[in-house]
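A.B. asks: Build me a structure from this.
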Amino acid sequence: MGQDRQLVRLLSQAERRLTAGLVKILSARDVSVPEWWVLTLLSDAEGHPMTEIAEFALVPSPTLTRIIDGMVTDNLVYRRADDLDRRRVLIFVTYRGQILFQQLQREVERYEQQFQEELDVETLTGLLSQLTAITDRQDDAVGRGA
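C.D. replies: Residues are numbered from 1 along each chain as shown. Below you'll find the predicted structure:
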């Protein structure tokens with residue numbers, strides 16, 4: 001197996017391991033991983049357009065529409081027309097959504113801390129730097145249509 005395929009496989013395995021732990025935390029509160037990413041982005045209490053949320057939550061736009069519909073029904077988020085451009089709809093977190101985010105955030109931070117403690121500071125710093133570089137390069141390639 002070539003080194004490049006090994007990298008993709010190892011990154012996939014690491015992502016699955018980390019996501020499995022995240023799913024366990026979130027599912028106790030009936031929150032999916034994409035809903036978690038939506039709440040994470042919206043926790044700044046500013047409105048965000050659907051395209052930005054879809055990119056952050058790593059889901060296609062049609063899927064995000066269904067996710068947001070469910071979150072509106074659950075009173076976690078709401079839609080509002082942009083004050084500057086009435087044609088554009090922004091999504092905001094509700095008070096209930098903000099409370100849920102804060103409760104889950106503590107648990108997710110503890111989980112991330114446990115994972116980070118498995119690595120020494122130098123390794124963690126290098127890993128974060130390299131992963132950032134990989135995702136930045138990928139974002140650039142996607143932006144160029146590569």
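
A.B. asks: Just list the residues touching the nearest residue to residue 88 once chain neighbours are set aside, thanks.
C.D. replies: With Cβ to Cβ, 6 or more residues apart in numbering as the criterion, residue 88 has its nearest non-adjacent residue at 4.1 Å, and that residue is residue 82. Placement of C-beta: from N, CA and C, glycine included. Residue 82 makes contacts with 47, 49, 88-90, as judged by Cβ atoms under 8 Å, 6 or more residues apart in numbering.

A.B. asks: Break down this protein into its helices, ranges please.
C.D. replies: For the chain, applying DSSP state H gives helices covering 3-27, 33-42, 50-57, 61-73, 95-117, 121-144.

A.B. asks: Just send those back as JSON lines, with mean pLDDT and mean neighbour count too.
C.D. replies: Formatted as JSON lines, the helices of the chain follow (pLDDT from 0 to 100; neighbours: other Cβ atoms under 10 Å):
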{"stretch": "helix 3-27", "mean pLDDT": "87", "mean neighbour count": "11"}
{"stretch": "helix 33-42", "mean pLDDT": "97", "mean neighbour count": "20"}
{"stretch": "helix 50-57", "mean pLDDT": "95", "mean neighbour count": "17"}
{"stretch": "helix 61-73", "mean pLDDT": "96", "mean neighbour count": "15"}
{"stretch": "helix 95-117", "mean pLDDT": "93", "mean neighbour count": "14"}
{"stretch": "helix 121-144", "mean pLDDT": "73", "mean neighbour count": "10"}
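
A.B. asks: could you flag which of the contacts of residue 82 are buried?
C.D. replies: The neighbour-count test (16 or more other Cβ atoms under 10 Å) marks 47, 90 as buried among the contacts of residue 82.

A.B. asks: Okay, residue 87 and residue 137: tell me how far apart.
C.D. replies: Using Cβ to Cβ, to the nearest Å, residue 87 is found at 34 Å from residue 137.

A.B. asks: ditto for residue 104
C.D. replies: Counting by Cβ to Cβ - residue 104 and residue 137 are separated by 31 Å.
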